[in-house]
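K.L.:
I need the structure of the sequence given here:
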Amino acid sequence: MGTVREEFVRGARGRPKKYYAITDAGAELFPRHYDVVLNEVLARLKADGGEESARRVITGVAENFARPVSSRPGRPRLARALRLLNDLGFEATAERRSRKLVITSRNCPILRTAGRHRELVCSGLHAEVIRRALAVKRVDRGKWIVDGDSVCTHTIET
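P.N.:
Numbering: from 1, shown residues only. The predicted structure follows:
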């Protein structure tokens, strides 16, 4: 399963002792409350500097995520962008529909934060990562998981 690793350790005397330790995969089975921390960080940013200040910060985060993809020219940019989105937990795929590219994300890794800070997360982070990674001027949002849809969709004119 990969949740626990075992290791034999030889001491100065006697038989080796068997030790067990939880793996990173095992630790991920325990509850995480990243959203609670992120919600408070975004709330504090908004309280201290206003909505626009918080948006600049979250857009900067999106830019940092996208930089390794957008800074490398070439055709596999879409594949790299999808890999980035999937590394972030969005479970994204892309499909060409006539003169449009539609990116469908089947998961929102920070859904509880999106529920409290919808525009910052959905527009300032998710759509902005896509826009910057693909180096396009505009990304149109369609369906949103935060609104109860089963997926998030983002459309780019090609």
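K.L.:
which regions of this protein lie under the pLDDT threshold?
P.N.:
1, 73-75 (pLDDT under 70).
K.L.:
tell me the domain ranges of the protein?
P.N.:
1-30, 34-157 (automatic domain parsing).
K.L.:
quick one: the helices in the chain?
P.N.:
24-27, 34-70, 77-87, 111-116, 118, 128-134 (DSSP state H).
K.L.:
who touches the shortest one?
P.N.:
Just to be clear, that refers to helix 118. residue 146 (CB atoms under 8 Å, 6 or more residues apart in numbering). Any C-beta I mention is one placed from the backbone N, CA and C, and that applies to glycine too.
K.L.:
neighbours of residue 111, just the number please.
P.N.:
Neighbourhood size, residue 111 [other CB atoms under 10 Å]: 12.
K.L.:
Spatially, what comes nearest to residue 103 if we skip its sequence neighbours?
P.N.:
residue 154 (4.6 Å; CB to CB, 6 or more residues apart in numbering).
K.L.:
got the contact list for that neighbour?
P.N.:
102-103, 105, 126-127, 130, 139-142.
K.L.:
measure it to residue 118 for me?
P.N.:
Going from residue 154 to residue 118 by CB to CB, to the nearest Å gives 15 Å.
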